[in-house]
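Chemist: pasting the structure only:
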């Protein structure tokens, strides 16, 4: 059985779906949006709506209360090809308050010429902002894109101190 919960944040309602203590989906759009992008095996599981998901909801709350490293302790799992998995792993290493360019992300993921593929992995990220694709920007500092809107990306980066 999966657990789902939503929490109010300074940038909007964050929807969460987890199996035990592993976060399978997080985003600012809807539960349905997350479920349609999850692994087919997980899509078939019963989903129970709860007020809080043990451990995960507390860590998300701690993050939005100012402990910017709290979300680093959340375990995650999402479907995707090997290169996307590597990109997501690298994204989790970008510290709060810092940004990384798509080009640097591609380089650190092992394929310097795969900038577009790195961007696509960001776009397909099912666990935002815990896997912090909002910290990835264009070379030169322009924000680039964000699945939940540039205003949300900018607010997250301001909240973390990456923008002034």
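Modeler: Looks like it arrived, so ask away. Just so it is clear, the model here is predicted, and its values are computed rather than measured.
Chemist: what residues go with each domain of the chain?
Modeler: 2-76, 82-160 (automatic domain parsing).
Chemist: could you find the closest non-adjacent residue to the residue nearest in space to the middle of the chain?
Modeler: Most central in the chain under Cα atoms, centre = their mean is residue 128, positioned 1.9 Å from the mean C-alpha point. Once flanking residues are discounted, residue 128 sits nearest to residue 27: 5.4 Å by Cβ to Cβ, 6 or more residues apart in numbering. All C-beta atoms are positioned from the backbone trio N, CA, C, and that covers glycine.
Chemist: quick one: contacts for the one you found?
Modeler: 14, 15, 33, 34, 126, 127, 128, 147, 148 (Cβ atoms under 8 Å, 6 or more residues apart in numbering).
Chemist: in the helix or strand containing the third one, which residues are buried?
Modeler: Looking back up the chat, that one is residue 33. In this structure, residue 33 sits in helix 31-37 according to DSSP states H and E. Neighbour counts over helix 31-37 (16 or more other Cβ atoms under 10 Å) mark 31, 34, 35, 37 as buried.
Chemist: same deal with stretch 38-50?
Modeler: Applying 16+ other Cβ under 10 Å to stretch 38-50 flags 38, 39, 42, 47 as buried.
Chemist: before we move on, what about stretch 148-159?
Modeler: For stretch 148-159, burial by neighbour count (16+ other Cβ under 10 Å) applies to 148, 152, 153, 154, 155, 156, 157, 159.
Chemist: that concludes my questions; thank you for your assistance.
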